[in-house]
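Novice: this one's sequence-less:
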């Protein structure tokens, strides 16, 4: 019964995610950028489903992946550099986030790179490291952080390769550098920071479990 409930929960997450993706496809800010972003979404979902069929991930990991993909869907709909969080903040709080912190650029892309590290590390550990290696504890966390850093680097390289095939205007929209020559390095740093925070939390949780046992 517990396994059936877990499958049902993950199925509902997938149904909701597909529904949100369909809604986000209505009048996206940049159709070509939207399609390019979600070619990666489709590949990631296919890989996750294939990997977890034989050994399902936990509900908590499925939820973390769901939250991350929701953030990505929002960014792809508006185009990352133009997600109007500043206007939303003014509507809700009467003051913009950028205004409050003195920021000049749109930082939604930074948020999602940070979220990649924060939210994806635990599922990555379950999907890959603990499934294909004998590593556990600190070692599995360290290898998971290394894998995540590699994926972050590969993504930035793919952005560069795609940008080389585009017009300068389209490349700027897709890359979202917003005039920052070190944008890629900062994005990777955000992902690494997020993964290290989650890694520390997982290590603490593992320590508590061993102590209780």
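Specialist: On my side now, so go ahead. Small disclaimer: the values here were computed from a predicted structure and weren't measured.

Novice: what residue is smack in the middle of the chain?
Specialist: Taking Cα atoms, centre = their mean, the centroid of the chain lies closest to residue 116, which sits 3.5 Å from it.

Novice: isn't it up against residue 193?
Specialist: No - assessed by Cβ atoms under 8 Å, residue 116 is found out of contact with residue 193, at 10.5 Å. Any C-beta I mention is one placed from the backbone N, CA and C, and that applies to glycine too.

Novice: related to what we said a few turns ago, need the contact list for the residue nearest to the centre of the chain.
Specialist: Counting by Cβ atoms under 8 Å, 6 or more residues apart in numbering, residue 116 touches 68, 148, 152, 190, 191, 194, 195.

Novice: how far off centre is the helix or strand harbouring residue 162?
Specialist: Assignment of secondary structure by DSSP states H and E places residue 162 within helix 137-164. Relative to its chain's centre, helix 137-164 lies at 12 Å (Cα atoms, centre = their mean, to the nearest Å).

Novice: what average pLDDT does it get?
Specialist: Taken as a whole, helix 137-164 carries a mean pLDDT of 86.

Novice: helices or strands next to that helix in the packing?
Specialist: Judged by 3 or more Cβ pairs under 8 Å, 6 or more residues apart in numbering; DSSP states H and E, helix 137-164 is in contact with helix 108-124, helix 168-175, helix 183-212.
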